[in-house]
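Trainee: Pasting the sequence and the predicted coordinates here, then a few questions.
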Amino acid sequence: MQWVVYILECGDNSLYTGITNNLSARLAAHQAGTGAKYTRGRGPFHLVFQEHVTDRSAATRRENEIKALDVWAKRRLIADQ
């Protein structure tokens, strides 16, 4: 099973980082307002970054690394993709 670390740009220009093993279903959940609590009411969303990893453990580690970055470092990561 392949996992994805992703970043969404919310309608308020904030960034949300998450992980999933089914990206299309997770994006649909965010759009429907049933995704993460943070994203509720912050749509529309744009997928601006995705990185495939081998397992959930690696996805969680990478998610935490990205979440620890400041917003400018996240924007650079997105631009460099």
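Mentor: Alright, I've got the coordinates.
Trainee: Can you verify my assumption that A36 contacts Y16?
Mentor: Yes - between A36 and Y16 there is a contact at 6.6 Å, judged by C-beta atoms under 8 Å. Bear in mind the C-beta positions are built from the backbone N, C-alpha and C, glycine included.
Trainee: Quick one: the strands in this structure, in order.
Mentor: 3-9, 15-20, 46-53 (DSSP state E).
Trainee: packing partners for the longest one?
Mentor: Strand 46-53 makes packing contacts with strand 3-9, helix 23-32, helix 56-67, helix 71-80 when contacts are defined by 3 or more C-beta pairs under 8 Å, 6 or more residues apart in numbering; DSSP states H and E.
Trainee: what's the angle between that strand and helix 71-80?
Mentor: Interaxial angle, strand 46-53 versus helix 71-80 (axes from the mean of the first three to the mean of the last three C-alpha atoms, to 10 degrees): 80 degrees.
Trainee: Can you tell me the strand partners of strand 46-53 and which way each runs?
Mentor: In the sheet, strand 46-53 lines up against strand 3-9 (antiparallel) (DSSP bridges).
Trainee: Alpha carbons only: can I get the partner strand in PDB?
Mentor: Taking Å, rounded to 0.1, in the frame of the first residue of the first chain, the C-alpha atoms of strand 3-9 are listed here in PDB:
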ATOM      1  CA  TRP A   3       1.100   6.400   1.200                       C
ATOM      2  CA  VAL A   4       1.000  10.000   0.200                       C
ATOM      3  CA  VAL A   5       2.100  13.100   2.100                       C
ATOM      4  CA  TYR A   6       0.200  16.100   0.700                       C
ATOM      5  CA  ILE A   7      -0.200  19.800   1.200                       C
ATOM      6  CA  LEU A   8      -3.400  21.700   0.500                       C
ATOM      7  CA  GLU A   9      -3.700  25.400   0.000                       C
END
